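# Okay, here's the prediction I keep looking at, along with the sequence it came from:
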Amino acid sequence: MSFPEIVSRERWRAAREELRRKEEAVRRAREALDAERRGLPMVEVDPEYVFEGGDGKATLLDLFEGRAQLVVHHFMFAPEWETGCPCCAAFLDQVGHLAHLRARNTSFAAVSRAPFTRILPFKARMGWAVPWYSSAHSDFNRDFEATVETDGELAERAGVSCFLRDHDRVFHTYSLYDDGLDVLGTTAALLDLTALGRNPAGSDRLRLHDEYDY
């Protein structure tokens, strides 16, 4: 293993300042990219997808739980698998307390093709409280490219899709797949993918997660 060079505090400060300027340039570029993403056009979702969750059948509109936005984690869990994908599990482990998203008018849910009877014990084993739904009896995964056909066989694909609601109309605004998920997990990073961004109308200031009043 190779360690960094050992230098004086003065040299470290100079090197750190040079790097800080580059980091600041990257931050500004990321903010510009986030603004461009929020300006993307959106597509109305016409099919009436039906999922199965802890409370029985649910539509895509139900997954919003009355909020304006929805972030869906396409969790790789094929119907024939005994457990979910370890990489997807590691991602879900890093998702912060959902109270911070919900206070910003945004819901979060995981969706997989596995039957709910297989999702439920795995979810309990992992100790997760996030809403998780089965899309086994709909084309949701295929339509949003979380399940793709390769050489005549179906393959799962990790991803995140964002949706916006206008009363009973649902719109698809953005999707991100595979390695793009590596930098996600925090509330801010997930909100940056949405059409309304980090501070949608009606959002609350940051609080302790048990102090929000929805």
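Cool, the structure landed. Everything quoted here is computed from the prediction, not taken from an experiment.

# residue ranges for the helices of this protein, please.
9-38, 60-63, 86-94, 98-102, 116-126, 140-143, 187-191 (DSSP state H).

# Who are the packing partners of the second one?
Spelled out, it's helix 60-63. strand 50-53, strand 69-74 (3 or more Cβ pairs under 8 Å, 6 or more residues apart in numbering; DSSP states H and E). For glycine as for every other residue, the C-beta is placed from the backbone atoms N, C-alpha and C.

# nearest to Leu154, of those strands?
When the helices and strands packed on helix 60-63 are compared by Cβ to Cβ, strand 69-74 sits nearest Leu154, at 13.6 Å.

# how about the closest one as CSV, C-alpha atoms only?
Written as CSV, here are the backbone C-alpha positions of strand 69-74 (Å, rounded to 0.1, in the frame of the first residue of the first chain):
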residue,chain,number,x,y,z
GLN,A,69,-42.9,13.8,-5.9
LEU,A,70,-41.9,10.2,-5.8
VAL,A,71,-38.4,8.6,-6.0
VAL,A,72,-38.4,4.9,-6.9
HIS,A,73,-35.4,2.7,-6.3
HIS,A,74,-35.4,-0.1,-8.9
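
# Let me know how buried Val72 is, in neighbour terms.
When counting by other Cβ atoms under 10 Å, one arrives at 25 neighbours for Val72.

# Going forward, the N-terminal residue is numbered 683.
Okay, using 683 as the starting number, the last item reads as Val754.

# Quick check: it vs Ala707, distance?
The spacing between Val754 and Ala707, counted by Cβ to Cβ, to the nearest Å, is 32 Å.

# For the protein, which element, helix or strand, carries the lowest mean pLDDT?
Sorting the helices and strands of the chain by mean pLDDT, DSSP states H and E puts helix 869-873 at the bottom, at a mean of 88.

# For that one, name the packing helices and strands.
Applying 3+ Cβ pairs under 8 Å, 6+ apart, one finds that helix 869-873 makes contact with helix 780-784, strand 788-794.

# Please identify the deepest-packed of the helices of the chain.
helix 742-745 (a mean of 21; mean count of other Cβ atoms under 10 Å).

# Any stretches of the protein with poor pLDDT?
Across the chain, the ranges flagged by pLDDT under 70 are 884, 886, 896.

# Can you tell me which of the helices and strands packed on helix 742-745 is nearest to Arg720?
Taking Cβ to Cβ, strand 751-756 is the member of the helices and strands packed on helix 742-745 nearest to Arg720, at 11.5 Å.

# How many residues are close by Gly867?
A total of 16 residues lie near Gly867 under the criterion other Cβ under 10 Å.
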